[in-house]
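Q: turn this into a model:
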Amino acid sequence: MARQILEAATPKVARQLVHIATTGTLPEVEEGGGHRPVALPDRLKAMDAVVARGGVPIRTELTGADGAPFTLLVKAATDGD
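A: Numbers count the residues shown, from 1 in each chain. Below you'll find the predicted structure:
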């Protein structure tokens, strides 16, 4: 469902969400020379929306076969990956 929302959203909306999440200001006002801050709860909602609409689950529970534990190897990405 999150992927469908992203596909339906315009690039402008995605840029606005990222702007709010990363700067804490409204993009339309900032372009006009002002800086109207966004309340922290709303900034967190924007961050959540960016992550969710990007297809990255906020929380995922993983188990092995029949609920058994398993080993997961995670590699950190570098710029350009």
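Q: show me what counts as buried in the strand or helix carrying residue 48.
A: Here residue 48, judged by DSSP states H and E, is contained in helix 40-53. For helix 40-53, a neighbour-count test (16 or more other Cβ atoms under 10 Å) marks 43, 46, 49, 50, 52, 53 as buried. In this view, the C-beta of every residue, glycine as well, is placed from N, C-alpha and C.
Q: got JSON lines for the residues you listed, with pLDDT and distance to residue 71 too?
A: Written out in JSON lines, the entries for these read as follows (pLDDT from 0 to 100; distance: Cβ to Cβ, whole Å):
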{"residue": "43", "pLDDT": "89", "distance to residue 71": "36"}
{"residue": "46", "pLDDT": "88", "distance to residue 71": "35"}
{"residue": "49", "pLDDT": "84", "distance to residue 71": "33"}
{"residue": "50", "pLDDT": "81", "distance to residue 71": "30"}
{"residue": "52", "pLDDT": "77", "distance to residue 71": "28"}
{"residue": "53", "pLDDT": "68", "distance to residue 71": "31"}
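Q: which helices and strands sit right next to the helix holding residue 48?
A: Counting contacts by 3 or more Cβ pairs under 8 Å, 6 or more residues apart in numbering; DSSP states H and E, the secondary-structure elements packed against helix 40-53 are helix 2-8, helix 11-23.
Q: most packed of those?
A: Ranked by average neighbour count under the criterion mean count of other Cβ atoms under 10 Å, the helices and strands packed on helix 40-53 are headed by helix 11-23 at a mean of 15.
Q: how far away is residue 38 from residue 73?
A: 38 Å (Cβ to Cβ, to the nearest Å).
Q: lowest-scoring secondary structure element of the chain by mean pLDDT?
A: Taking mean pLDDT, DSSP states H and E as the measure, helix 27-31 is the helix or strand of the chain with the lowest mean score, a mean of 66.
Q: follow-up on the earlier one: tilt between the helix holding residue 48 and helix 11-23?
A: Using axes from the mean of the first three to the mean of the last three Cα atoms, to 10 degrees, the direction of helix 40-53 lies 130 degrees away from that of helix 11-23.
Q: this completes my enquiry, with thanks.
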